[in-house]
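Q: sequence and predicted structure below; questions after.
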Amino acid sequence: MSMLVVYVFLVFFLIIFLLFIIRLFLHRTALIYVLRKWGEWIDDRVHVHQHLKVPEFNENCQQNQFYQKVSVYVNSLASVEDSDFTNLFSGKKSNDIVLCLDDDQTIQDTFLGARVLWINKIERNHQFLARSFVLKIKKKDKKRILKPYLQHIHTVSDDIEQRRRELKLHINTDCNWRSLPFEHPANFDSIALDPDLKNKVKFDLETFIKSKQYYHKLGRAWKRSYLLYGPSGTGKSSFIAAMANFLSYDVYNVNLSQVSEDSHLNMILMQTTSKSLIVVEDLDRYICEKSTAVTSSGLMNFMDGILGSSFCDGRIMVFTMNSKEGIDSAILRPGRIDVHIYFPMCDFNSFKSLAGSYLGVKEHKLFPQVEEIFQSGATISPAEIGELMLVNRSSPSRALKSVITALQSQPNGRNSSSGGGGKFGHRLSESAVPSPAPSSTAEDAGGTAWKDTVVPKEFRKLYGLLRLKSCKKPGSLDHHDHEMIER
Ligand SMILES: Nc1ncnc2c1ncn2[C@@H]1O[C@H](COP(=O)(O)OP(=O)(O)OP(=O)(O)O)[C@@H](O)[C@H]1O
Ligand SMILES: [Mg+2]
């Protein structure tokens, strides 16, 4: 009996071993590829297919726009890499390589569980070349997937085109825009800020751009407004550039002092393109210093997108302020400002992140000393740290020593504010953007749960001691504790 068990066990082990060797052999050679091809060949024979041709030109010799979209879509498919022949071209950037399907090659795509084939067909008609893409789809799948598949091609190719094009920065002169290439290199990784907060913002932006139907169903203009506020040199403008690069959106930078009346503000809004960032920097200064001819009702109408959804479609408004003190709460209310993001002065974590990017240093023997000074209440803006690191980048030790000196020479001194209070008292900092929710709820941007990111305690204690570029004189700053704003 026991011999039988050993025998069965041995046979079982041998079978497993053989299967393993066969699998290894198939994967190490091209045989698995050949077998898969045979499988697909058989699958193609047992099904009836329909062929749909997308010619490059229509009967009037005009370009078929859909052909361009299919071309962008097909060449973006991962399966292009697996085709027998693929062309390699250099892209727009010097080190970019673009893959392009060769003539008469076939690649496959899957959509909603169905396999479809695309053939890059080229026919020679006398001296003319007639190009087309042919979609080969199983009859049994056609009814189910064709319509959504074609829609999917539209969406994907539009998205790719949007990301490929050169971004523009538009600057207003009263009621006109002047444009220049937008080449700010900032991205979310290059900004020293709570990584969790950055992820929430990215998620919020991604959710918003997919939520057109949802907003329209609610009867709301499809727009979203962010307020970035905090002391000078904490990365607000860089963050706007990072948002634009992340979304591949043009930036319209509204200079309110150039706008001579409310109606002109509406006119420049009408001239912006959909899917763009409309930015008003230093809004607090315009309001407090009254350095614009725009009235507060004109400003609020502009923030609301009073002109109707067609002039706001997909637009993201971003306002920056050094401080919300003294700003009419009507301006800050939900709908006008949906997301408030606080930009704090540098803490030890941000400092480490800056040291990593500016000096390439992850750890250093001076770090504990820097940490201790931060913990004792010293403060500095990321911009100041960045500058010190930039000029001393050839010697990380010198750079860190200069940061230590700068921190120690801050007016508040090493221990001045740790007891809480300080000259301007405490202040609660807030930042609130929605928490990432499961992707299935992406359309429910307005309904996602809001969570807070509380800025570390040190910043709350120290905020009042910073050199603020505020409309109010530093001495007049009245820092009451703010509630966490959740919108
Ligand atoms: N959090 C940060 N991470 C990385 N770099 C930063 C950060 N904050 C500021 N910097 C650097 O400091 C410089 C100034 O930053 P930025 O203009 O974005 O600040 P700001 O908050 O807009 O200031 P202001 O309120 O004066 O307009 C930029 O070169 C930027 O690279
Ligand atoms: Mg700025």
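A: That came in fine, so what should we check first? Ligands and ions are numbered 1, 2, ... in the order given.
Q: which ones are touching Ile97?
A: With contact set as CB atoms under 8 Å, 6 or more residues apart in numbering, Ile97 has these partners: Leu88, Phe89, Ser90, Gly91. Where you see a C-beta, it was placed from the backbone N, CA and C, and this is true even at glycine.
Q: tell me which entries of those lie within strands.
A: Among the contacts of Ile97, the members falling in strands (DSSP state E) are Leu88, Phe89, Ser90.
Q: now, which of those sits nearest Leu299?
A: Ser90 (47.1 Å; CB to CB).
Q: so the closest one makes contact with Leu99?
A: No. Using CB atoms under 8 Å as the test, Ser90 is too far from Leu99 to be in contact (11.6 Å).
Q: these two: which is more packed in?
A: A direct count of neighbours by other CB atoms under 10 Å for Ser90 and Leu99 places Leu99 higher, at 16 against 10.
Q: that one belongs to a strand?
A: Yes. The assignment for Leu99 by DSSP: H, G, I helix; E, B strand; the rest coil puts it in a strand.
Q: show me what contacts it?
A: Asn75, Val80, Glu81, Thr86, Asn87, Leu88.
Q: is it bridged to anything, and to what?
A: Leu88 (DSSP bridges).
Q: mind checking how far it is from ligand 1?
A: 34 Å (CB to the nearest ligand atom, to the nearest Å).
Q: ok, now Ala221?
A: Computed as CB to the nearest ligand atom, the Ala221 to ligand 1 distance reads 27 Å.
Q: for that residue, helix, strand, or coil?
A: coil.
Q: and it, what's its pLDDT?
A: Ala221 is assigned 84 on the pLDDT scale.
Q: helix or strand: which one has whichever residue of the stretch 301-450 of the chain sits closest to ligand 2?
A: Closest approach between the stretch 301-450 of the chain and ligand 2, counting by CB to the ion: Thr320, at 5.8 Å. Per DSSP states H and E: Thr320 is located in strand 315-321.
Q: what are the contacting residues of that strand?
A: Applying CB under 8 Å, 6+ apart, the external contacts of strand 315-321 come out as 205, 208, 222-229, 236-237, 240, 243, 247, 249, 272, 274-284, 303, 305, 327, 337.
Q: paired strands for that strand, with orientation please.
A: As defined by DSSP bridges, the strand partners of strand 315-321 come to strand 223-229 (parallel), strand 276-280 (parallel).
Q: ok, which of the ones you listed comes nearest ligand 2?
A: Between ligand 2 and the strands paired with strand 315-321, the tightest spacing by CB to the ion is seen for strand 223-229, at 8.5 Å.
Q: following element in sequence after that closest one, please.
A: Sequence order places helix 236-247 as the next helix or strand after strand 223-229, per DSSP H and E.
Q: which elements pack onto that next one?
A: For helix 236-247, the elements it packs on are helix 195-209, strand 223-229, strand 250-253, strand 276-280, strand 315-321, judged by 3 or more CB pairs under 8 Å, 6 or more residues apart in numbering; DSSP states H and E.
Q: kindly recompute the last result at 10 Å.
A: Contact analysis of helix 236-247 by 3 or more CB pairs under 10 Å, 6 or more residues apart in numbering; DSSP states H and E lists strand 168-173, helix 195-209, strand 223-229, strand 250-253, strand 276-280, strand 315-321, helix 382-391 as its packing neighbours.
Q: quick one on the thing from earlier: can you give me the angle the strand holding Thr320 makes with helix 195-209?
A: Angle between the axes of strand 315-321 and helix 195-209 is 140 degrees (criterion: axes from the mean of the first three to the mean of the last three CA atoms, to 10 degrees).
Q: quick one: contacts of the helix or strand just after strand 315-321?
A: For strand 315-321, the succeeding helix or strand toward the C-terminus, using DSSP H and E, is helix 329-332. Applying CB atoms under 10 Å, 6 or more residues apart in numbering, the external contacts of helix 329-332 come out as 227, 229, 283-284, 287, 296-297, 299-300, 303, 319, 321, 324, 336-337, 340, 485, 487.
Q: quick one: helix 329-332 to chain centroid distance?
A: Between the centre of helix 329-332 and the centre of its host chain there is 27 Å, according to CA atoms, centre = their mean, to the nearest Å.
Q: show me the shaky parts of the stretch 301-450 of the chain.
A: Residues of the stretch 301-450 of the chain that meet the criterion pLDDT under 70 lie in 306-312, 411-450.
Q: got the residues of it near ligand 1?
A: Asn322, Phe343, Pro382, Ala383, Gly386 (CB under 6 Å from any ligand atom).
Q: the residue lying closest to the third one once chain neighbours are set aside in helix, strand or coil?
A: Residue nearest to Pro382 in three dimensions, not counting chain neighbours: Cys346, with 4.9 Å by CB to CB, 6 or more residues apart in numbering. Using three-state DSSP, the structure places Cys346 in coil.
Q: just to revisit the earlier point, neighbour-wise, which of the residues of the stretch 301-450 of the chain next to ligand 1 leads?
A: Top of those by neighbour number is Phe343, holding 26 neighbours under the definition other CB under 10 Å.
Q: check which residues of whatever helix or strand Phe25 lives in are buried.
A: Secondary structure from DSSP H and E places Phe25 in helix 2-28. Residues of helix 2-28 classed as buried by neighbour count (16 or more other CB atoms under 10 Å): none.
Q: go on, stretch 167-176?
A: So for stretch 167-176, counting by 16+ other CB under 10 Å, buried means Leu167, Lys168, Leu169, His170, Asn172, Cys175.
Q: who's in contact with the second one?
A: So that's Lys168. Lys168 makes contact with Trp177, Ser179, Leu180, Pro181, Phe182, Ala244, Tyr249, Asp250, Val251, Tyr252, Thr273, Ser276, according to CB under 10 Å, 6+ apart.
Q: please name the bridge partners of it.
A: Beta-bridge partners for Lys168, by DSSP bridges, are Pro181.
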